[in-house]
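Chemist: can you look at this prediction? I've put the sequence above it.
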Amino acid sequence: MTLWAAMLTMALVMVVIASVLAVVLRDLLAAALALGAQGLLLSLAFYLLQAPDVAIAQAGVGAALTTAIFLLAIWKTRRKEEE
Amino acid sequence: MVRPGPCQSNLPWNRGLWGLICLDELKSVYWAPVRRVAELAATFALVFVVYLILTAFSGEIGLWSREELIGGAVVSILVALASFRLLWERGGWRLLNPLRWVMFLVYLVGPFLLAMAKANLDVAYRVITGRINPGIVRFNPGLKTDAGRTLLANSITLTPGTLTLDVDDETGDFYVHWINVRQVDPKPEDVCGVFPHWVKVVAE
Amino acid sequence: MIGELSLAVAAAVLLGYVLVCTLRLAIGPTPADRAVALDTINTLVVAIMVLLGAALNLMIIMDVALVYALLSFVGTLYVARYLQEGLR
Amino acid sequence: MNILMYVFLAVGAVFNGLGAVALHRFPDVYTRLHGATKCTTFGSIFSILAVVVYGAARGGSVGTSMVIRAVLALVFLLLTNPTGSHALARAAHRAGIKPFRAVVDRLEEVGK
């Protein structure tokens, strides 16, 4: 049991790291990549909690489609954030 | 689909006696819809088999339940309609030969796995010592079909010290990032060993 | 029982490697480095999902790994396309 | 059977770790792609083969469907992983990232 708790904690810590990165990074492409990593690790957390349907939805929407949509949005505007 | 030949008209009833002589063109005109249907059916069978493998042990008709069979058939026909033109475009029908599948399996567990193990030990050596001498080289293995080029490019990426960067669509030149350049203008044998011969057997 | 435990331990080890790759995602100097790190994380997470599905003895949960293996490929292709056209 | 599974798990863990370390040891994008792609693909193959061995030893419908899904995941990884890394490398080269201390750069000479 403690092994599962440790893995869940690790996944959630990495979710927090990736979220902070997505906020802090100035380069918008890097921020979108960090957001993709966050969705992926969140999907892994759902997987560890044995919720496969939520995990599939999070993997499809959060990790693949959100990255694609964010990249499309950045494509249409400017990439570097103005100071 | 219709080859330009001595016969000018595409319609068989305008052709008169020449229609009997231009057998090639006649064949291509009449056989085009048949061939398209055959391609569609082959794609459908491929997709449906994958679906059935994925949903095995779900019910009582054989191994599958009735809902899975009906739903899988509908989904497979939609996917086949969307993708059958892409699949068989440039010599893809050659991959339907079962002998090629056997050769592919032999290739996969024989020279490919050996080369992959060597590649990983090589990368381990370079990770520990940090000794690299990189560069981008060009060579031409002389492959023509899309399937053969894809197979060779993926094999090169997974084997010692090389990573495919670009493939020229017309000439078939491969641009490869080599982590330890020994020759500036290599032959295909220097970069990827026996792989082009295997790929020619498997995919061309 | 012991087999399941060893599978779960291997998955935990791979989760530690994901942490190492997240470090490269944080410090990578160019966006291409970060994309490489994300690609590595994708492969590792697919392996983790398969191992955990076996360790939990739930076969339905391994479908997530299949879906993720295909969708991460689409994401990687999208990032690559943006990299080569959007940077100029 | 159990011994085989442990060996596969150990090999997979070692090579995946090698791939993760290679991300930090190598100097530029292309060499990092070398380490990351080769080592993580090889390591994941062995991790998934351990699951195949486990499912085969377990038997029954649950074990068989486990084997089927693991083999399908293996096929997808083998197909998509080199293709994705090739796309990333080509995109990086077209975006103008120079290879680190390259001896020769034929693709640059063509001028794409």
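Modeler: That came through fine.
Chemist: helix, strand, or coil at the closest residue to chain D within chain A?
Modeler: Distances between chain A and chain D by Cβ to the nearest Cβ are smallest at A:Leu29, namely 10.7 Å. C-beta: built from backbone N, CA, C; applies to glycine. Classification of A:Leu29 by DSSP: H, G, I helix; E, B strand; the rest coil places it in helix.
Chemist: what distance do you get for it to A:Met14?
Modeler: Relative to A:Met14, A:Leu29 is positioned 20 Å away (Cβ to Cβ, to the nearest Å).
Chemist: wait, what's in contact with the nearest residue to the residue of chain A closest to chain D once chain neighbours are set aside?
Modeler: Leaving aside its sequence neighbours, A:Leu29 sits nearest to C:Pro31 (Cβ to Cβ, 6 or more residues apart in numbering or on different chains; 4.6 Å). Contact analysis of C:Pro31 by Cβ atoms under 8 Å, 6 or more residues apart in numbering or on different chains lists A:27, A:29-30, A:33, C:83.
Chemist: quick one: which of these is most hemmed in?
Modeler: The most crowded member of the contacts of C:Pro31, judged by other Cβ atoms under 10 Å in any protein chain shown, is A:Leu33 (28 neighbours).
Chemist: do a quick rundown of the strands in chain B.
Modeler: Counting by DSSP state E, one finds strands in chain B at the ranges B:135-139, B:162-167, B:174-178.
Chemist: quick one: mean pLDDT for the first one?
Modeler: So that's strand B:135-139. Mean pLDDT, strand B:135-139: 80.
Chemist: what's it packed up against?
Modeler: Secondary-structure packing of strand B:135-139 (3 or more Cβ pairs under 8 Å, 6 or more residues apart in numbering or on different chains; DSSP states H and E): strand B:174-178, helix B:188-192, helix D:106-110.
Chemist: and the average pLDDT for the last one is what?
Modeler: The reference is to helix D:106-110. 64.
Chemist: mind checking which helix or strand of the chain has the lowest mean pLDDT?
Modeler: Looking at chain A here, since you left the chain open. Least confident helix or strand, chain A: helix A:66-76 with a mean of 85, by mean pLDDT, DSSP states H and E.
Chemist: now do the contacts for the closest residue to chain B within chain A.
Modeler: The nearest approach of chain A to chain B comes at A:Ile56, 14.1 Å away (Cβ to the nearest Cβ). A:Ile56 makes contact with C:63-64, C:67, according to Cβ under 8 Å, 6+ apart.
Chemist: what ranges do the helices span in chain B?
Modeler: Using DSSP state H, the helices of chain B run over residues B:18-21, B:23-54, B:66-87, B:98-107, B:113-129, B:146-157, B:188-192, B:195-203.
Chemist: D:Leu79: which of these is closest?
Modeler: Closest to D:Leu79 of the helices of chain B is helix B:146-157 (Cβ to Cβ; 7.7 Å).
Chemist: ok and the closest one relative to helix B:98-107, angle-wise?
Modeler: With axes from the mean of the first three to the mean of the last three Cα atoms, to 10 degrees applied, the angle from helix B:146-157 to helix B:98-107 works out at 0 degrees.
Chemist: quick check: mean pLDDT across helix B:146-157?
Modeler: Helix B:146-157 comes out with an average pLDDT of 82.
Chemist: who's in contact with it?
Modeler: The contact list for helix B:146-157 (Cβ under 8 Å, 6+ apart) reads B:89-92, B:94-95, B:112, B:115, B:141, B:143, B:162-164, B:167, B:172, B:174, B:176, B:191-192, B:195-196, B:199-200, B:202-204, D:37-38, D:78-79, D:82-83, D:85-86.
Chemist: C:Leu14 sits in which helix or strand?
Modeler: Using DSSP states H and E, C:Leu14 sits within helix C:2-27.
Chemist: and that helix, what's buried?
Modeler: Buried residues in helix C:2-27, counted by 16 or more other Cβ atoms under 10 Å in any protein chain shown: C:3, C:6-15, C:17-18, C:20-22, C:24-26.
Chemist: now the very next helix or strand once past that helix against helix A:66-76, angle please.
Modeler: Where DSSP H and E defines the elements, the next helix or strand beyond helix C:2-27 is helix C:31-56. Put simply, helix C:31-56 runs at 170 degrees to helix A:66-76, going by the same axes, to 10 degrees.
Chemist: still on that earlier bit, which helices and strands does the helix holding C:Leu14 pack with?
Modeler: Where contact means 3+ Cβ pairs under 8 Å, 6+ apart, helix C:2-27 is packed against helix A:2-24, helix A:28-48, helix C:31-56, helix D:2-25, helix D:29-58.
Chemist: would you quantify the distance from the residue nearest the centre of chain C to B:Pro33?
Modeler: Most central in chain C under Cα atoms, centre = their mean is C:Asn42, positioned 2.3 Å from the mean C-alpha point. Distance from C:Asn42 to B:Pro33, counting by Cβ to Cβ: 42 Å.
Chemist: and for A:Trp4?
Modeler: Counting by Cβ to Cβ, the separation of A:Trp4 from B:Pro33 is 58 Å.
Chemist: neighbour count for these two, which is higher?
Modeler: Of the pair A:Trp4 and B:Pro33, A:Trp4 is the one with more neighbours under other Cβ under 10 Å, namely 16 against 10.
Chemist: before we move on, the earlier item: tell me how far the least confident helix or strand of chain A lies from the chain's centre.
Modeler: Relative to its chain's centre, helix A:66-76 lies at 14 Å (Cα atoms, centre = their mean, to the nearest Å).
Chemist: burial measure for the residue of chain A found nearest chain C, as a count.
Modeler: Taking Cβ to the nearest Cβ as the measure, chain A has A:Ala64 as its residue closest to chain C, at 3.9 Å. Per other Cβ under 10 Å, the neighbour tally for A:Ala64 reads 24.
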